[in-house]
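J.: here is a sequence together with a model predicted from it:
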Amino acid sequence: MVANRHVTHIHAVRLPRSVSSSVVLPQAIIKMFSWTALGIKPQSAWLIQSEDPFDPASWQRPLQISLAKTEMLAWQNVGISAQRYPYGFTLGVLPVVCLSTISAYLNRSSRDLMSKTKAERSFCNDSRYVDMIVPGSASQALAAAVAKAQSIPLATVHYQQFPDGERLCRVADFDSDTAVIIGSAESDRAWIELLQLQDAVREAGAERVVTVIPYMSYARQDQAFKFGEPNSARAMARAVSTTTDHIILIDPHEDNLDSYFDVPVNIYSTAHLLADALPTTLCDPLFLAPDAGAVELATRVRDSYGSGKTDYFLKTRHSGEEVDLTTRDTELSDRDVVVVDDIIATGSTLSQAVDLLNDAGASRVFATCIHPLLVQNARTKLETAGVEQIIATDTLERDVSVVSAAPVIGAFLEGSWCEPKYSLYHYTQI
């Protein structure tokens, strides 16, 4: 960023668009002109982002401190010292003070906006910033549910494929300041759609873009497992970060994905919602994870259900589809078992688990998951194994998606875009 030729270095950290346009840039420009008018050539200036970029109360503090620090360096560069040359320092400061009055007014106006009630000042609810939901082709029902629950307009997206295979997404009726794109990236095509939708709404005049990715494919390729391989999750995250201001992920397969994006990320959990679709009359329920790493997920479902115990299978993986499961010493006879996982892909592991549980005398076996990929013949495998019911969310829209993630997304839109009552970079249960 080059704001003035007299400044040799400016180190800036990305700030929210609303902050940089209404608070940071006006003050920075005022200060810069002050230094230039006085012939000051500071060696460096800092625009420092606070620890929480969505805490309005903290936006001003680091900026004021950094600008004050820069001014001191500027005076030192031209040999002016408050102790040695008090009059010269005072006269020199006068133009800065006058211009800083304007800066103070901007500060006060910004603070006045931030001091209003949540409903009055939320960017999502403020009449100056009108939201519009833009659905990806893989999340049309979920996007519609969010739009209906939040009373937000739903854009109509037209999809086109050319003879050479190229695709085009057009949002002909987009008319908003803030676009909330909701689209599961379940395929390469869906990733391209996300990129095109982000660019389309920017082209149509959106000042800010929130991208909700209910399901993120390539999340399991979160590192280069062999020499010469890519970190595919990082590559996709960087690509989708280019034209958005905020990313929302729902129960990603790996919890370190937030570090791969170049914009703020919120990660939310919907596991607790799965319990609402379970029968209320489960007999001595056992919430079983397919491995030790998924116990936390099973615990969330159990806690939301309100009773039962948790356990996990001992799993030995031989390949992508070849897995050996063994049960632990937990008693399974004559009790209802709920198998909880984040993704059901081919169904091989889960169908094997259902077989083992039925053979051990389980009364009924329910299969629950966040993301029901259900590729190939996964559904047939599970039905053949004797599963009682498959319960999943609509992060991927299948016939088993009886639980909606709309309440989680809606809670974010109601205010945490500006006021983070939910922690950034951590799983959050709403």
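T.: Yes, it's here.
J.: could you check how many residues crowd around L332?
T.: L332: 20 surrounding residues under other C-beta atoms under 10 Å. (Each C-beta comes from the backbone N, C-alpha and C, glycine too.)
J.: tell me the confidence at it?
T.: pLDDT, L332: 92.
J.: ditto for E414
T.: So, for E414, pLDDT stands at 85.
J.: that one - that's part of a helix, no?
T.: Yes - E414 sits within a helix when classified using DSSP: H, G, I helix; E, B strand; the rest coil.
J.: quick check: can you list the domain ranges of this protein?
T.: 10-115, 131-270+407-429, 272-404 (automatic domain parsing).
J.: what is the mean pLDDT for the first one?
T.: Confidence over domain 10-115, taken as the mean pLDDT, stands at 41.
J.: same check on stretch 347-355?
T.: Averaging pLDDT along stretch 347-355 gives 92.
J.: using PDB, list the CA coordinates for that stretch.
T.: Presented in PDB, the C-alpha positions along stretch 347-355 are these (Å, rounded to 0.1, in the frame of the first residue of the first chain):
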ATOM      1  CA  GLY A 347     -20.500 -46.100   4.000                       C
ATOM      2  CA  SER A 348     -18.000 -48.900   4.200                       C
ATOM      3  CA  THR A 349     -16.900 -48.200   7.800                       C
ATOM      4  CA  LEU A 350     -20.300 -47.400   9.100                       C
ATOM      5  CA  SER A 351     -22.000 -50.500   7.500                       C
ATOM      6  CA  GLN A 352     -19.300 -52.600   9.100                       C
ATOM      7  CA  ALA A 353     -20.000 -50.900  12.500                       C
ATOM      8  CA  VAL A 354     -23.800 -51.600  12.100                       C
ATOM      9  CA  ASP A 355     -23.100 -55.300  11.400                       C
END
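J.: taking the mean pLDDT, what do you get for the one helix or strand A235 maps to?
T.: Taking DSSP states H and E as the criterion, A235 maps to helix 232-241. What helix 232-241 shows for mean pLDDT is 97.
J.: and what of stretch 364-378?
T.: 97.
J.: any idea which helix or strand comes after the helix holding A235?
T.: Note on helix 232-241: by DSSP H and E, the next helix or strand toward the C-terminus is strand 246-250.
J.: what's that following strand in contact with?
T.: Contact partners of strand 246-250, identified using C-beta atoms under 8 Å, 6 or more residues apart in numbering, comprise 208-216, 237, 240-241, 257-258, 261, 263-270, 370, 393, 395, 405, 408-409, 412, 417.
J.: what's the answer for stretch 395-403, then?
T.: Outside stretch 395-403, the residues that touch it by C-beta under 8 Å, 6+ apart are 138-142, 184, 186, 214-215, 250-251, 270, 273-274, 276-277, 370-374, 390-394, 405.
J.: count the neighbours of Q376 for me.
T.: Neighbours of Q376 using other C-beta under 10 Å come to 13.
J.: dump the residue contacts of it.
T.: Applying C-beta under 8 Å, 6+ apart to Q376 gives the contacts T346, G347.
J.: hang on, it in a strand?
T.: No - counting by three-state DSSP, Q376 is not found in a strand; it is coil.
J.: now do it against I344, distance only.
T.: Counting by C-beta to C-beta, to the nearest Å, the gap from Q376 to I344 is 11 Å.
J.: repeat for L413
T.: Distance of L413 to I344, computed by C-beta to C-beta: 28 Å.
J.: do D245 as well
T.: 32 Å.
J.: the two: who's more crowded?
T.: Just comparing D245 and I344: by other C-beta under 10 Å the higher neighbour count belongs to I344, 30 against 21.
J.: so what pairs up with the more buried one in the strands?
T.: Beta-bridge partners recorded for I344 (DSSP bridges): P372.
J.: over to Y268?
T.: I250, T428.
J.: offset the numbering so it begins at 53, please.
T.: Sure thing, new numbering starts at 53, so read that last one as Y320.
J.: pLDDT wise, what is it at?
T.: What the model reports for Y320 is a pLDDT of 93.
J.: quick check: it vs Q213, distance?
T.: 32 Å.
J.: helices or strands next to the helix or strand hosting D376 in the packing?
T.: When elements are assigned from DSSP H and E, D376 belongs to strand 375-378. Contacts defined by 3 or more C-beta pairs under 8 Å, 6 or more residues apart in numbering; DSSP states H and E place strand 375-378 against strand 366-369, helix 400-411.
J.: so which of these is the most packed in?
T.: Mean neighbour count, computed with mean count of other C-beta atoms under 10 Å, is highest for helix 400-411 among the helices and strands packed on strand 375-378, reaching a mean of 21.
J.: and L194, how far from D251?
T.: 22 Å.
J.: higher neighbour count, those two?
T.: When neighbours are counted by other C-beta under 10 Å, L194 comes out ahead of the other of L194 and D251, with 28 against 14.
J.: who are the contact partners of the more buried one?
T.: Contacts of L194 (C-beta under 8 Å, 6+ apart): P187, I234, S236, P266, D446, T447, E449, S456, A457, A458, I461.
J.: tally of neighbours for the second one?
T.: Residues within reach of I234, counting by other C-beta under 10 Å, total 29.
J.: looks like it contacts V198 (just checking).
T.: Yes - using C-beta atoms under 8 Å as the test, I234 is close enough to V198 to be in contact (6.4 Å).
J.: which neighbours do those two have in common?
T.: I185, I461.
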